[in-house]
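>>> coordinates only, sequence not included:
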């Protein structure tokens with residue numbers, strides 16, 4: 001068994017997988033060994049379904065990206081037992097599977113943009129914390145600034161190739177809602 005990731009096992013909610021730039025920065029940090037991503041089939045399905053609003057071709061592209069995500073992080077796939085979910089209570093019952101995944105995985109945190117759907121006291125009772133992606137990545141940057149800067153630059157390079165032109169770091173970070181990280185990177 002390898003060395004544990006410094007930022008632990010972390011569930012990535014579907015809402016942080018859907019924005020491409022945010023997902024790519026999180027994936028880059030995971031590939032760099034900074035944390036171990038945890039997910040379920042249902043989380044990946046939600047991500048794919050969320051892309052439908054971008055047009056008819058988007059879900060097919062997202063399904064391909066989800067398959068690549070699975071291939072990159074096969075150990076992160078968790079299939080929680082239904083009885084875990086059955087004992088839980090959250091403001092939005094549609095999020096119970098995310099919490100059940102975290103519990104089944106022995107995760108330390110759930111990275112999500114939906115703070116209201118994951119009350120801190122409920123997560124604390126399960127030994128978990130809720131992390132917003134900006135704060136989570138900013139914390140990684142404060143410990144590993146060169147690694148996170150390199151990850152973000154690689155994402156920006158891919159964005160520039162797709163845009164066929166320059167993509168300012170500030171606008172990239174703003175689009176991804178990574179304000180604190182962008183400021184730390186000088187954007």
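Received the coordinates, thanks. Please read all numbers here as calculations on a predicted model, not as lab measurements. Numbering: from 1, shown residues only.
>>> Now for residue 139, how many residues are close by?
Residue 139: 16 surrounding residues under other C-beta atoms under 10 Å. Backbone N, C-alpha and C define where each C-beta goes, glycine included.
>>> Check residue 94 too.
Neighbourhood size, residue 94 [other C-beta under 10 Å]: 10.
>>> just residue 125 next, same as before
For residue 125, the count of nearby residues is 9 (other C-beta under 10 Å).
>>> Now do the same for it: its pLDDT.
With respect to pLDDT, residue 125 scores 95.
>>> Please report how far it lies from residue 114.
Separation of residue 125 from residue 114 (C-beta to C-beta, to the nearest Å) stands at 18 Å.
>>> Same question for residue 7.
According to C-beta to C-beta, residue 7 stands 20 Å off from residue 114.
>>> Please identify which of the two sits among more neighbours.
A count of neighbours by other C-beta under 10 Å puts residue 7 above the other of residue 7 and residue 114, at 22 against 17.
>>> Quick check: chain neighbours aside, which residue is closest to the more buried one?
Counting by C-beta to C-beta, 6 or more residues apart in numbering, residue 35 is the residue found nearest to residue 7 once chain neighbours are left out, at 3.8 Å.
>>> and the helix of greatest length in the chain, average pLDDT?
The helix spanning the most residues in the chain, taking DSSP state H as the definition, is helix 145-163. What helix 145-163 shows for mean pLDDT is 94.
>>> Going along the chain from it, find the next helix or strand for me.
Next helix or strand after helix 145-163 toward the C-terminus (DSSP states H and E): helix 169-175.
>>> Which elements pack onto the helix or strand following that next one?
Using DSSP H and E, the helix or strand that follows helix 169-175 towards the C-terminus is helix 179-184. For helix 179-184, the packing partners by 3 or more C-beta pairs under 8 Å, 6 or more residues apart in numbering; DSSP states H and E come out as helix 133-143, helix 145-163, helix 169-175.
>>> Residues contacting helix 179-184, please?
Applying C-beta atoms under 8 Å, 6 or more residues apart in numbering, the contact partners of helix 179-184 are 25, 134-135, 137-138, 141-142, 145, 148, 152, 169-170, 172-174.
>>> which parts of the host helix or strand of residue 28 are buried?
Using DSSP H and E, residue 28 sits in helix 20-31. Buried residues in helix 20-31, counted by 16 or more other C-beta atoms under 10 Å: 20-30.
>>> Report all helices and strands that that helix contacts.
Checked by 3+ C-beta pairs under 8 Å, 6+ apart, helix 20-31 has helix 14-17, strand 36-38, helix 58-72, helix 133-143, helix 145-163 packed alongside it.
>>> Just want the angle from the third one to helix 20-31.
This means helix 58-72. When axes from the mean of the first three to the mean of the last three C-alpha atoms, to 10 degrees is applied, the directions of helix 58-72 and helix 20-31 differ by 10 degrees.
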